[in-house]
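Peer 1: requesting a structural model of the entry that follows:
(chains A, B, C, D, E and F)
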Amino acid sequence: MAGTKKLIDENGIRLDGRKWNELRPIKLQVGVMKNADGSAYIEWGKNKIMAAVYGPKEVHPKHQVLPDRALLRCRYHMAPFSVDERKNPAPSRREIEISKVIREALVSAVIVEDYPRTAIEVWVEVLQSDGGSRVAGITAASLALADAGINMRDLVVGCSCGLIGEQVVSDLDDTEDKEGNGDMPVAIMPNLGLVSLLQVDGVYTRENFQKAFELAIEKGKQIYQMQREALTTRFFGGEAQSTEVEEAAE
Amino acid sequence: MAGTKKLIDENGIRLDGRKWNELRPIKLQVGVMKNADGSAYIEWGKNKIMAAVYGPKEVHPKHQVLPDRALLRCRYHMAPFSVDERKNPAPSRREIEISKVIREALVSAVIVEDYPRTAIEVWVEVLQSDGGSRVAGITAASLALADAGINMRDLVVGCSCGLIGEQVVSDLDDTEDKEGNGDMPVAIMPNLGLVSLLQVDGVYTRENFQKAFELAIEKGKQIYQMQREALTTRFFGGEAQSTEVEEAAE
Amino acid sequence: MAGTKKLIDENGIRLDGRKWNELRPIKLQVGVMKNADGSAYIEWGKNKIMAAVYGPKEVHPKHQVLPDRALLRCRYHMAPFSVDERKNPAPSRREIEISKVIREALVSAVIVEDYPRTAIEVWVEVLQSDGGSRVAGITAASLALADAGINMRDLVVGCSCGLIGEQVVSDLDDTEDKEGNGDMPVAIMPNLGLVSLLQVDGVYTRENFQKAFELAIEKGKQIYQMQREALTTRFFGGEAQSTEVEEAAE
Amino acid sequence: MMKKNHVVESITKERMVQLLASGKRLDGRALDQPRNLNIETGVIPKANGSARVTLGNTLVLAGVKIATGIPFPDTPDKGILMVNAEILPMSSPYAEAGPPSEDAIELARVTDRGIRESEMVDMTKLGLIPGKSVIAVFVDCNIMNVDGNLFDATSYAVVSALRTAKMNRYVVKDDKAVATDELIPVPVERTPVSVTIARIGDKLVVDPNSEEEASMDMRITITTDDYGNICASQKGEASTISPEQVLQAADTSISVGKAIRAKILEATS
Amino acid sequence: MMKKNHVVESITKERMVQLLASGKRLDGRALDQPRNLNIETGVIPKANGSARVTLGNTLVLAGVKIATGIPFPDTPDKGILMVNAEILPMSSPYAEAGPPSEDAIELARVTDRGIRESEMVDMTKLGLIPGKSVIAVFVDCNIMNVDGNLFDATSYAVVSALRTAKMNRYVVKDDKAVATDELIPVPVERTPVSVTIARIGDKLVVDPNSEEEASMDMRITITTDDYGNICASQKGEASTISPEQVLQAADTSISVGKAIRAKILEATS
Amino acid sequence: MMKKNHVVESITKERMVQLLASGKRLDGRALDQPRNLNIETGVIPKANGSARVTLGNTLVLAGVKIATGIPFPDTPDKGILMVNAEILPMSSPYAEAGPPSEDAIELARVTDRGIRESEMVDMTKLGLIPGKSVIAVFVDCNIMNVDGNLFDATSYAVVSALRTAKMNRYVVKDDKAVATDELIPVPVERTPVSVTIARIGDKLVVDPNSEEEASMDMRITITTDDYGNICASQKGEASTISPEQVLQAADTSISVGKAIRAKILEATS
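Peer 2: So this is what the prediction gives:
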């Protein structure tokens, strides 16, 4: 929140050389884990995140069984070495909240009615953390669900936009998140055109709110193309190959 | 324990102007909470305490079911802002012990045999704490049980007496509790003439012990009259009206 | 690990006067606890350890039932006053690991197949701790199992050997454990000639490793004779008498 | 946990959706009409600030405690603000005693963000000795009765408690922070207002009660400041929202928030 | 948890009540007669003080550990005393491993109060540097075998361990508390004695064993000091007591306590 | 917890034992042949050191974090080393989220002992200001995919991460430890190598995979150093081992360890 100082220069170029509406480099891999029923690995900026899915499987404890649909469980967890200062491995309040919003962002895409009385588990492990880890986690997790062959209405893809001073920017990295003026993680179901996660931090005029929100959706659709390619590579182009998509500056 | 210094003056008048055997002002309200099956609010000196009752209800987990009677659960809890230094919200050892003695003080008044295989829950929340919060909590909790329509043998009412120096006094406030020489919380079932809670702190001669104990019973009976009025107001005098009883100095 | 300084002198005599291959004094009592189904108390050097056994008994929670054998539970726990600095009563990571290796050391001696669907509980409480508390605990625990009448293939008996400098020594005490150069706790089933616990700390040449290991087995067999005497005293020589065996220097 | 009655719920929802189609709600409110809001402050004299808020039948009590503390390493000259919430077991038949649930943690964190992101409290005025000592403001919320929309009721309670809180003025003597007897207000700069909107069927309704929450698919909370800026938001529940409805919700939050802010200012000035 | 056998219990109780009517107990004791008390001290040389107490078949081991600590802000010149109890899983078929149960917490707190309220230890003599450093006395109790009346057995163990505990004498040098090699006793001033009385049917019996506890309706523990003063009490269990019985219990506690105090003094002097 | 399929397991075991009798393993390896080992270092740039190790299909990621800390009272001039392991719920269908299991604690402690006892890191070089400030090295291990032999895979990951870790050089100024910009390696002196051997039937096999672990009776882990010394060992599982097999396992660990050490050195130099 310390202000605009050097996060963006007079030519609109950000610290890492990006324009206001550019994404950091993203790399996706599907089907990378041996035991999990489905998995995906994402590198997004400095984020390195593994998502894995087990299920549908038996529900334990039994009293949590949902008679008409699957129970979706989700844990977002940061490895102790993923951040600058070593993180205690026990789940923090922040991780508990993010686990909840990721679960809510994914559950409406999963056709849970197809799997009554079962559990589907989604494990998101942040191995290295940068700005936007929750949307990166969702993007990987929905690929892992698809990899596990779980019936879905649509993929879910996320992107975070925000503010540097009064400038709307896409895809904040860690420094921009901490020293910038606002962060807005958004997850969408791109084909259905619906928003499944929205959180807002910062102070936005009504105009900037709309601009950042719409930019997040636009960027999400762009990342969705990378998701499709990663799945294509997985199912038609050999196992666990990497889909590296560097966006041309616009 | 620092002694008698100024807690009581040469004319037997205490710091707040009370005589040795006077009560602090007490205010009772029954039926104040919307969701609870029964509830009561008490202000007693600076104590502000809410008691609420749910039940009889299903017992979870099942293995705690008592086949021949109701399971009475009780939690005495202090809000973090209820004391001078912010209290950690997790239950302290003190709160765990007080929850136990309150439960034991109430359970013999409830006709638990009338509700086999069910649970009755009593929640006592101290919003602001002063001396005697456990007896105030019991006094409110037994009203909440009555408000919930639970069959009872008698009400339960509490009062704490104690020592300032070698002077027996009634109803210690926070300062008197901390700097005085003894505290004796007592709860009674006034019609049956039985004691359902008794704890003693301090150093009492045999004579002072009896004097303080009998004073606590006498004061309890006095407060019982306020309980009756509060219930009358609740059931015949309109909803959730306040019964404010300021005792004339004796 | 600070080296050899004064732990053993030029004549091969250790701080407490023992030779390299001597044991500390050991005292065993069987059947000392009233409620437990079996129990044994051991004093070994400054170790004072109580072991007690309950079972075979019903398994709670039910989902832990093993259909074809008994479930062996084991807790190794140190009393807060058992060590130089007061120990937090909550189980430490060290205690959790030792509980596991003790359980694994005992379970192969118990004929668990004879008690399907039951639990056998072994509680090892260290009242005063010295070097070698885990092997002392195992030695007592197997006596407690025998005292409880549990069918066993053999007793289990432990001894720890190790290094002071490059000198292999038997039965390290606390100081030798902390300032010596290696500790190797070993538990054996003496009649079957099998090893049921082995842990190693320190830096051993291949030769010293074998020497220490074989010394531990030899010493274990010696302590086994004390176990037999303690059981004989228990079942033929009156109740809970003490078997004190001081080894002649060899 | 006690099971809710799903049959009654589904009949209720059917009736609710029918009514909403004609712009009405079961309790007679307009779609963008919050329930009756009542704010009482100073109810816990032992706290530095406190507020008892009822929003319909939802009842929240917030208490502020102020002490000195050690600043976070990355903000050595800023005070500390902590918002905590407990959904008391007395608050509903479904609440349980125990460590904070996922719901209570989300509630506390969303409330906290609304306060923090709006820069309601000027944290730089809470510094005492850089890197060593700052003022720490703890706000604890007791959720006492649940009838829907905990987010807004809790937020109003926290804002009201902070707006009326008094703290000792500190002076620095010999590199130590010493409390004086003088009581001063917490340095409050803005009044953030949270507005929660639920979607039932395809309609958006403001300030859902429990009955409406049982029928809603989606919930969105948007916090706005005195200048009509949006400073925090949280979409909740296992369903989606269209981009158009997000913008509609933003506009509603700004307009409804303005009226609520006026009430809060009135009750706390 | 293992279920107790209620059929056997109710037959036992019937027999017990019949006997009590004629002033006898199942184990042959008089109504006001405690079981055999055996006290051994110094059993844990690594502890500053220790005592192994058997009261009938109830077996408790208490150990004292002494260290320096930081005083509580409201008592800057007084030492710290902490009493803790663990009901070991080995102590009975009904005990369980895990964090302290409600019963263990009550046991520790009631024992602590008996010590603290009687002013057994002169806490002002445990101060070292006001506000900075004091002597902290930790007493941990291992309940090793349960045969009723844990309150008294634990209290006797704690009192005996404290009466025989030795601690390093401290001197203050350059504003630091430094331990000397000299061992001195803990400053013990009084010998509080806890006496627990159970009501079975309408009779009061002293020092109930497990069998009697299974049949009792009410339990009251009263701690008295060397001068016959009452310094702590705790009524327990889900039943009531008449005022007359409270006073009767007080008198019994004073008289029985006197005999037990003599035994404790003998074992610890 | 999900139940394993015991029928399939027992058929597998039968077949495995038959094959082992003729010196073969189900996956074609020789009895003393570990699986393919792959080590990648520097995979987590935010950590001071890191390594991603696959041993067959077992996948472990270790990360080193270095900070200053307060030394333990009994080693005032030595650094601090902490090894921690989490068996991630994603690692297998049998793993569960929650506090560290008994297995994870044993894994971390055995790995820690292998590092510590071999004196791999010269802890005396991690002292800064005696009794006040030392360098603390935290190694956290994420077990990401389980296919047997976590002990060895975790140990190789920790050793590789430490061998390639870089830390700030510290200087002491005015009795304070201050980090400089200069990056120096962690003072590594030796390369301990853990080798785990399982007994299936009466045969010893090196580096068991999950299928073999399901059929094994006994597991023994032996860690050796560069000079062929044995510096840590842990026997596991609910069965016994003969003294002869212990010595055989020691010899195997030394010889197999030598080859693995060469691989680790190659990957981390």
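Peer 1: which non-adjacent residue is nearest residue D:242?
Peer 2: residue A:194 (5.9 Å; CB to CB, 6 or more residues apart in numbering or on different chains). Where C-beta positions appear, they are placed from N, C-alpha and C, glycine not excepted.
Peer 1: report pLDDT for the residue in the stretch 51-200 of chain D positioned nearest to chain F.
Peer 2: When scored by CB to the nearest CB, the stretch 51-200 of chain D has residue D:73 as its residue closest to chain F, at 11.7 Å. pLDDT recorded at residue D:73 is 89.
Peer 1: you'd agree it is in a strand?
Peer 2: No - Residue D:73 is assigned coil when assessed by DSSP: H, G, I helix; E, B strand; the rest coil, not a strand.
Peer 1: what about it, neighbour count?
Peer 2: Residue D:73 has 8 neighbours, counted by other CB atoms under 10 Å in any protein chain shown.
Peer 1: please name the nearest non-neighbouring residue to the residue nearest the centre of chain D.
Peer 2: Central residue of chain D (CA atoms, centre = their mean): residue D:155, 1.5 Å from the mean position. Nearest residue to residue D:155 in three dimensions, chain neighbours excluded: residue D:194, at 3.8 Å (CB to CB, 6+ apart).
Peer 1: tell me which helix or strand the one you found sits in.
Peer 2: Assignment of secondary structure by DSSP states H and E places residue D:194 within strand D:193-200.
Peer 1: who does whichever helix or strand comes after that strand touch, helix- and strand-wise?
Peer 2: Sequence order places strand D:203-206 as the next helix or strand after strand D:193-200, per DSSP H and E. Contact analysis of strand D:203-206 by 3 or more CB pairs under 8 Å, 6 or more residues apart in numbering or on different chains; DSSP states H and E lists helix D:6-21, strand D:193-200, helix D:243-268 as its packing neighbours.
Peer 1: ok, and what's touching strand D:203-206?
Peer 2: For strand D:203-206, the external contacting residues (CB atoms under 8 Å, 6 or more residues apart in numbering or on different chains) are D:17, D:20-21, D:25, D:29, D:31-34, D:195-199, D:212, D:245, D:248-249, D:252, D:256.
Peer 1: go again with 7 Å.
Peer 2: Strand D:203-206 is contacted by residues D:20, D:25, D:31-34, D:195, D:197-198, D:212, D:245, D:248-249, D:252, D:256 when judged by CB atoms under 7 Å, 6 or more residues apart in numbering or on different chains.
Peer 1: starting at the chain centroid, how far to the strand holding residue D:194?
Peer 2: The gap between where strand D:193-200 is centred and where its chain is centred comes out at 12 Å by CA atoms, centre = their mean, to the nearest Å.
Peer 1: cool, stretch D:26-44 as well?
Peer 2: 13 Å.
Peer 1: likewise for stretch A:96-109?
Peer 2: Between the mean C-alpha point of stretch A:96-109 and the mean C-alpha point of its chain there is a distance of 11 Å (CA atoms, centre = their mean).
Peer 1: quick one: mean pLDDT for that stretch?
Peer 2: The model assigns stretch A:96-109 a mean pLDDT of 97.
Peer 1: list the contacts of that stretch.
Peer 2: Residues outside stretch A:96-109 that contact it (CB under 7 Å, 6+ apart): A:72, A:74-76, A:122, A:124, A:134, A:137-138, A:141-142, A:145, A:152-156, A:187, A:189, A:196-197, A:199, D:102, D:105-106, D:109, D:236-240.
Peer 1: from those, keep the buried residues only.
Peer 2: When these are checked for burial by 16 or more other CB atoms under 10 Å in any protein chain shown, the buried set is A:72, A:74-76, A:122, A:124, A:134, A:137-138, A:141-142, A:145, A:152, A:154-156, A:187, A:189, A:196-197, A:199, D:105-106, D:109, D:236-240.
Peer 1: in strands, which of the residues you listed fall?
Peer 2: Counted as lying in strands by DSSP state E, out of the buried ones among the contacts of stretch A:96-109, are A:72, A:74-76, A:122, A:124, A:187, A:189, A:196-197, A:199, D:236.
Peer 1: tell me the angle of the helix or strand where residue A:226 lies relative to helix D:243-268?
Peer 2: Using DSSP H and E, residue A:226 sits in helix A:206-236. In terms of direction (axes from the mean of the first three to the mean of the last three CA atoms, to 10 degrees), helix A:206-236 departs from helix D:243-268 by 140 degrees.
Peer 1: other SSEs contacting helix A:206-236?
Peer 2: Counting contacts by 3 or more CB pairs under 7 Å, 6 or more residues apart in numbering or on different chains; DSSP states H and E, helix A:206-236 is packed against strand A:26-30, helix A:133-147, strand A:157-164, strand A:167-170, strand A:182-189, strand A:242-245, helix D:243-268.
Peer 1: and chain A, which of its residues are near chain F?
Peer 2: A:33-36, A:50, A:52, A:54, A:57-58, A:60, A:75, A:79-84, A:86, A:89, A:123, A:125, A:127-128 (CB under 7 Å from any CB of the partner chain).
Peer 1: how about low-confidence regions in chain A?
Peer 2: For chain A, the stretches with pLDDT under 70 are A:1-5, A:238-250.
Peer 1: returning to that earlier point: and the residue of the stretch 51-200 of chain D closest to chain F, how far from chain B?
Peer 2: Here residue D:73 is placed at a distance of 23 Å from chain B (CB to the nearest CB, to the nearest Å).
Peer 1: just the helices in chain D please.
Peer 2: D:6-21, D:102-117, D:150-163, D:210-215, D:243-268 (DSSP state H).
Peer 1: report the buried residues of the longest one.
Peer 2: Going by neighbour count (16+ other CB under 10 Å), the buried part of helix D:243-268 is D:243, D:245-246, D:249-250, D:252-254, D:256-257, D:260-261, D:263-264, D:267-268.
Peer 1: next one: stretch A:212-219
Peer 2: If you call a residue buried by 16+ other CB under 10 Å, then stretch A:212-219 has these buried ones: A:212-217, A:219.
Peer 1: and which of these is nearest chain F?
Peer 2: The closest of the buried residues of stretch A:212-219 to chain F turns out to be residue A:219 (CB to the nearest CB; 24.4 Å).
Peer 1: residue D:154 is in contact with the residue nearest to residue D:155, correct?
Peer 2: No - contact between residue D:194 and residue D:154 fails when scored by CB atoms under 7 Å: they sit 8.3 Å apart.
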